[in-house]
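Enquirer: Sequence and computational prediction follow.
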Amino acid sequence: MKTQKTITAISLIAALFFVSLPFGSASAEEILTAQDHLQIAKRHEALLKEAEAKLVEHQAALEDYESRSYYYGRGGQDFQSHEKANIREYEEIVVENKAQAELHYKLAGENQTPKFVSGSIGNTQAN
């Protein structure tokens, strides 16, 4: 009976140890420096610029379709709905990358305004 309790106690302690491992303190490799945050912010800015370019491209294609829908034939409505879906997707990507870049600039301690703030999503004005 005493051995049963000892084995149960040891296995319980071992289980708690292994469960708590992922929640331990961060190691030296996991800690991000201000320079790391700046690099991540710049990467999000690059992704933001790519997404804005694609957004403008898809909006232009949609405008072309809407001005001359008779050129597109039977697949025109499919094309239109596909372009609208692409525009929604790239608008979400732009908002997400803008928020991530702002967050990482803030975490890096940069007080400067990010370069991408001058553009607006509604009018699709890129920098």
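Expert: Arrived safely. Here the structure is a predicted model, which means the values were calculated and not measured.
Enquirer: how about the helices of this protein, start to end?
Expert: Taking DSSP state H as the test, the helices found in the chain are 2-20, 34-67, 76-108.
Enquirer: tell me which residues in the longest one are buried?
Expert: By neighbour count, and taking 16 or more other CB atoms under 10 Å as the criterion, the buried residues in helix 34-67 are 37-38, 40-41, 44-45, 47-49, 51-52, 54-55, 58-59, 61-62, 65. Every residue, glycine included, has its C-beta placed from N, CA and C.
Enquirer: Next, format the helices of the chain as a markdown table and append mean pLDDT.
Expert: Putting the helices of the chain into a markdown table (pLDDT from 0 to 100) gives the following:
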| stretch | mean pLDDT |
| --- | --- |
| helix 2-20 | 74 |
| helix 34-67 | 94 |
| helix 76-108 | 94 |
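Enquirer: so how far is Ser69 from Lys49?
Expert: 31 Å (CB to CB, to the nearest Å).
Enquirer: likewise Lys54?
Expert: Counting by CB to CB - Lys54 and Ser69 are separated by 22 Å.
Enquirer: cool, and Ala99?
Expert: Going from Ala99 to Ser69 by CB to CB gives 36 Å.
Enquirer: before we move on, what about Asn86?
Expert: Taken as CB to CB, the span from Asn86 to Ser69 is 17 Å.
Enquirer: Those two: which has the busier surroundings?
Expert: Asn86 (17 against 13; other CB atoms under 10 Å).
Enquirer: how about the more buried one, what does it touch?
Expert: Residues near Asn86 by CB atoms under 8 Å, 6 or more residues apart in numbering: 54, 58.
Enquirer: switch the cut-off to 10 Å
Expert: Asn86 makes contact with 54-55, 57-59, 61-62 under the criterion CB atoms under 10 Å, 6 or more residues apart in numbering.
Enquirer: can you put the residues you listed in JSON lines and add distance to Ile93?
Expert: Formatted as JSON lines, the contacts of Asn86 follow (distance: CB to CB, whole Å):
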{"residue": "Lys54", "distance to Ile93": "8"}
{"residue": "Leu55", "distance to Ile93": "8"}
{"residue": "Glu57", "distance to Ile93": "13"}
{"residue": "His58", "distance to Ile93": "12"}
{"residue": "Gln59", "distance to Ile93": "14"}
{"residue": "Ala61", "distance to Ile93": "17"}
{"residue": "Leu62", "distance to Ile93": "17"}
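Enquirer: Sweet, I'm off.
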